[in-house]
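Novice: what follows is a predicted protein model with its sequence.
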Amino acid sequence: MATPTKRASPGPWCDGLGSGAFDTSSSFTLAAYNTTGPNANSTGAPLVMGSDGAYVKAQFWHFITAASWPDALVYPTASLANGTLILSGTGDALPAQAVAVQEGDSLVFSASDSANPSAGAQDYCAVVSVCCGQPESGLPLLAVYGDTDSFSLCQLAWENVVFYKAAPDQGYDFDSCYPVKLQIVFQ
């Protein structure tokens, strides 16, 4: 099982997360842990990358529940490198680069021949909780801008998509949203 790589000091994208914060780790998946309702297991709903559309020579991807993605996985795992979330693709998957996270939006990745995964937005960190509010699994939580508490799963067409600071009038069903913690499940 992979574990976090502990650096002397994580970058500023981890500010406020305390001594359990880390910004570099290899091979993991994410799971959405419902903080207000029941979960089927201790990790929550497994997340995968689902298509968020395409434009000219780029494809866009975001995190959705595995139950709402019927196709083969294109990016089955991720890693964290100095605050950048990097997707690991299979076969002929295009390189994917993290896009800066926006309030009210999903966690978006742009895939194209010219994408540079290691140059993606440095918005991400992870933290092993040493206190309160941690789901029962004890797994590390993903954070954006030092925030582990502002993720939601919301209905968008037939998919359940992860959004950061979900808000009304953003093109998804805001009334379907519920808060989740994004747990890091090491491979």
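Specialist: Received, thanks.

Novice: quick check: G91 vs A32, distance?
Specialist: Per CB to CB, to the nearest Å, G91 is found 26 Å from A32. For glycine as for every other residue, the C-beta is placed from the backbone atoms N, C-alpha and C.

Novice: more crowded one of the two?
Specialist: The neighbour count for G91 versus A32, taken as other CB atoms under 10 Å, is higher for A32 (25 against 6).

Novice: with only the CA atoms kept, save the helix or strand containing that one in CSV.
Specialist: Assigned by DSSP states H and E, A32 belongs to strand 25-34. Only the C-alpha atoms of strand 25-34 are listed here, as CSV (Å, rounded to 0.1, in the frame of the first residue of the first chain):
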residue,chain,number,x,y,z
SER,A,25,1.7,10.9,-2.4
SER,A,26,1.5,8.2,-5.0
SER,A,27,-1.2,5.9,-6.4
PHE,A,28,-4.6,6.4,-4.8
THR,A,29,-8.3,6.6,-5.6
LEU,A,30,-10.9,8.9,-4.0
ALA,A,31,-14.1,8.0,-2.2
ALA,A,32,-17.0,10.4,-1.2
TYR,A,33,-18.0,9.9,2.4
ASN,A,34,-21.5,11.3,3.1
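
Novice: what's the first helix or strand after that strand?
Specialist: As assigned by DSSP H and E, the chain's next helix or strand after strand 25-34 is strand 45-55.

Novice: pull up the pairing partners for that following strand, direction included.
Specialist: Here strand 45-55 has these sheet partners by DSSP bridges: strand 25-34 (antiparallel), strand 58-65 (antiparallel).

Novice: mind checking how far that strand is from the chain centre?
Specialist: 11 Å (CA atoms, centre = their mean, to the nearest Å).

Novice: cool, stretch 138-148 as well?
Specialist: Worked out by CA atoms, centre = their mean, stretch 138-148 lies 9 Å from the chain centre.

Novice: for the strand holding A32, buried residues please.
Specialist: Buried residues in strand 25-34, counted by 16 or more other CB atoms under 10 Å: 25-26, 28-34.
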